[in-house]
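Participant: Here you go, sequence then predicted model.
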Amino acid sequence: MANEIYHKSNWGKPKKDGWGDVYFNPSATNQLYTRSDNYENVEGTDKALASKPDTQSVLMTPTAYSVGSMNSILPPYEVLSELITNGDFATDSDWAKGTGWTISGGKGIATNTSIDSIYQDVLTLSKSYKVSFKILSIENGSLKIGIGINFSQEFTEVGTYTYYGTPLNDGLLRITPSNGTNATIDNVSVKEVRNADFTFDRNSTATRVNKEGLIETVAIDTPRLDYPFIDGVVQSEPSLLLEPTRTNSIPYSEDFDNSDWTKTNVTVTADATIAPDGTLNASKLTENTGNGTHRISDTTIVSGTGVAYTQSVFAKSGGSGRYLRMFRGSGTYNDAVFDLENGTVVTTDGNNLISVSIEEHSNGWYRCISTYTTQFSNIATYYGLQNGITDSYTGDGTSHIYLWGAQLEQGSYATSYIPTSGSAVTRAAETANGAGTSDDFNDSEGVLFAEIAYPNPTTSSNLRIAISDGTTSNRVLFQNVHHTANRLQFYVIVGTSTVSTDFYIDSSDITLFNKIAFKYKTNDFSVWINGVKVLTDTSGITFPSGTLTELAFDGGDGLYDWYGKTKELSVFKTALTDSELEALTSWDSFSDMATGQLYSIR
């Protein structure tokens, strides 16, 4: 089990019901309990707890997380009543015994067993369990716990062992030996564990901006809480960052002095200044006194022509050098010039450019980004200086800029930085799903709420968030529409083919953080975005009791994974009133709205 962490919260007083549920001990005022290895985002969690109706049944703020898990705040972690009968083997009853098993003297006894189990049929497939037992003696062989056919490791020594899991295939709780095991056991316990944590998966490392504003690498299967910047200052409330698989094709993303990079009328000084990751490994690019372009280049193979690629680099002004020219091509270029003093795009050129942008980081660093469609499969990526007027000029021998973190990735927008040091590197796709149980959802009515930012106005496929039964048959879902920029679609499907409601709206900009609430109730469906009711439908049914079982960053069936940034995702067990939905999706003030959408106030 993950570490148990108590966090001193500034939010209100706990009570027995409602929001008091978030506390491990309702009498311990202001001690917020969570099951996590890591805990961040105090302000975001306190704000979410203080401002929501008590009918909320699931609340995920990007706050507490463990390897393989993104923790929710509601419902609390709860171990329910005992399910095993005769777990102390007081009588020779209740247990089904495989070959070699007997019950005698208050013990379960395995005598030169085969691989047959002693078991009880007490589990439900959709639920999670905590199982423990004690090995009193073991002479040879091993024993393992089976939650269905989801098995623990093998235990070979005397002691008490605990295993958590969800049953696969059947509802049997098994104690299973290896062939030839001689052992005695006691005190078998099985209890259901209730929580609404997301199962998180990413089979590679990845980077994020941490709360100090530095880019850092996080481990495999560890969720990323990514902190934004406003005017170069890191903010206190992060978002959960979910991204698709991407590959950085540039083999040396930080070592610009490497021979893989061709230098033209420049010198490269390694380890010249502090990089965005906080280490002394950013390079200085200094123009010489030659007449012509002043640049470095790297030739990489891309996937044919007419394919969207995004090029990026972190750059910083050197004072006398303030303009970065970033381009890619051969004969015909995809060209952009960036002002590293003012953080602006100066010029762009190239018919196949899709977009050009610049993002401010801390300490004078900017991430410069250009997206385009390829014209050739084997062409060079360039980063160079520019004098503010032309690309080709006589250098002064001293003007310079700083570079770090070059990236070339297939896709129509930039994703988080992927470091390389000799070859291309791939970051795996991320998934977060499986939150909640049937106890956490109201099949007849409710609200699905999210504060999210999509990665792009149009994406390669629809990106979905859903409450469902784990299939396409029954679900409450919203998504972007990939072929139409900034379009959001909402629908409810009941019983495979019955579409209760299906409507859409063209939003102003889905790449900003928007507060979205989708209410479902028989003959009463509506959508609220940023404090305004934008869609209604007065005809349609909802679900039979016990239908909805999970909340996921996908379409409910494990497909169409959602990618982007999430500040909050939650479910309410009642169809909130219009006034409640307006309050839920609104900001408290103009400054709160501006900060929430990462605007500067000037």
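Facilitator: Received the coordinates, thanks. Numbering: from 1, shown residues only.
Participant: how about low-confidence regions in this protein?
Facilitator: Residue ranges of the chain with pLDDT under 70: 1-35, 330-332, 589-597, 599-602.
Participant: center of it, which residue is that?
Facilitator: Leu242 (3.7 Å; C-alpha atoms, centre = their mean).
Participant: how close does it get to Thr459?
Facilitator: To Thr459, Leu242 is 13 Å away according to C-beta to C-beta, to the nearest Å. No exception for glycine: its C-beta is placed from N, CA and C like everyone else's.
Participant: residues bridging contact with these two, i.e. touching both?
Facilitator: Counting by C-beta atoms under 8 Å, 6 or more residues apart in numbering, the shared contacts of Leu242 and Thr459 are Tyr563.
Participant: Would you map the strands across the stretch 401-550 of the chain?
Facilitator: 425-427, 431-433, 445-453, 464-468, 475-480, 487-494, 498-506, 514-521, 525-529, 532-537, 550-552 (DSSP state E, counting those that start in this stretch).
Participant: so how far is the fourth one from its chain's centroid?
Facilitator: Using C-alpha atoms, centre = their mean, to the nearest Å, the distance from the centre of strand 464-468 to the centre of the chain it belongs to is 15 Å.
Participant: Next, find the distance separating Gln311 from Arg295.
Facilitator: 14 Å.
Participant: repeat for Tyr413
Facilitator: 25 Å.
Participant: Repeat that for Glu550.
Facilitator: 52 Å.
Participant: just Ala450 next, same as before
Facilitator: Per C-beta to C-beta, Ala450 is found 44 Å from Arg295.
Participant: and Leu477, what does it touch?
Facilitator: By C-beta under 8 Å, 6+ apart, the contact set of Leu477 is 464-468, 490-493, 555-556.
Participant: For it, which non-adjacent residue is spatially closest?
Facilitator: Ala466 (4.1 Å; C-beta to C-beta, 6 or more residues apart in numbering).
Participant: mind checking the SS state of the closest residue to Asp349 other than its chain neighbours?
Facilitator: Closest residue to Asp349 apart from its sequence neighbours, by C-beta to C-beta, 6+ apart: Asp335 at 4.0 Å. Secondary structure assignment for Asp335 (DSSP: H, G, I helix; E, B strand; the rest coil): strand.
Participant: Flag every buried residue along stretch 568-582.
Facilitator: 568-576, 580-582 (16 or more other C-beta atoms under 10 Å).
Participant: can you tell me which of these are in strands?
Facilitator: Among the buried residues of stretch 568-582, the ones falling in strands (DSSP state E) are 568-572.
Participant: Would you format those residues as TSV with distance to Gln375 included?
Facilitator: Compiled in TSV, these are given as follows (distance: C-beta to C-beta, whole Å):
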residue	distance to Gln375
Glu568	42
Leu569	41
Ser570	46
Val571	47
Phe572	50
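Participant: Tell me the one among these nearest to Ser545.
Facilitator: Nearest to Ser545 among these is Val571, at 16.4 Å by C-beta to C-beta.
Participant: need the contact list for that closest one.
Facilitator: Val571 makes contact with 56-58, 436, 440-441, 446-449, 467, 551 under the criterion C-beta under 8 Å, 6+ apart.
Participant: again, only using 7 Å
Facilitator: Going by C-beta atoms under 7 Å, 6 or more residues apart in numbering, Val571 touches 57-58, 440-441, 446, 448, 467, 551.
Participant: now swap in Asn462 and tell me
Facilitator: Asn462 neighbours (C-beta under 7 Å, 6+ apart): 479-482, 560.
Participant: Check the gap between it and Ala432 for me.
Facilitator: The spacing between Asn462 and Ala432, counted by C-beta to C-beta, is 17 Å.
Participant: How about Tyr417?
Facilitator: From Tyr417 to Ala432 the distance is 21 Å (C-beta to C-beta).
Participant: wouldn't the residue nearest to Asp349 be in contact with Asn351 here?
Facilitator: No: in this structure, Asp335 is not within contact of Asn351 by C-beta atoms under 7 Å, at 10.9 Å.
Participant: out of these two, which sits in the more crowded spot?
Facilitator: The residue with more neighbours, out of Asp335 and Asn351, is Asp335; 20 against 9, by other C-beta atoms under 10 Å.
Participant: what pairs with the more buried one across the strands?
Facilitator: When assigned by DSSP bridges, Asp335 has beta-bridge partners Phe327, Asp349.
Participant: Convert stretch 409-429 to CSV, retaining C-alpha atoms only.
Facilitator: Taking Å, rounded to 0.1, in the frame of the first residue of the first chain, the C-alpha atoms of stretch 409-429 are listed here in CSV:
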residue,chain,number,x,y,z
GLU,A,409,8.4,15.6,-33.5
GLN,A,410,5.7,14.3,-35.9
GLY,A,411,2.4,16.0,-35.0
SER,A,412,0.5,19.2,-35.3
TYR,A,413,1.5,20.7,-32.0
ALA,A,414,4.4,20.7,-29.6
THR,A,415,4.4,18.4,-26.6
SER,A,416,6.6,18.3,-23.5
TYR,A,417,10.4,18.2,-24.0
ILE,A,418,11.9,14.8,-24.8
PRO,A,419,15.7,14.8,-24.0
THR,A,420,18.1,12.9,-26.4
SER,A,421,21.8,12.1,-26.2
GLY,A,422,22.8,10.2,-29.3
SER,A,423,19.7,8.8,-30.8
ALA,A,424,16.0,9.5,-31.2
VAL,A,425,13.9,9.0,-28.1
THR,A,426,10.2,8.1,-27.8
ARG,A,427,7.9,9.1,-24.9
ALA,A,428,5.1,6.6,-24.5
ALA,A,429,1.4,7.6,-24.5
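Participant: Good, wrapping up.
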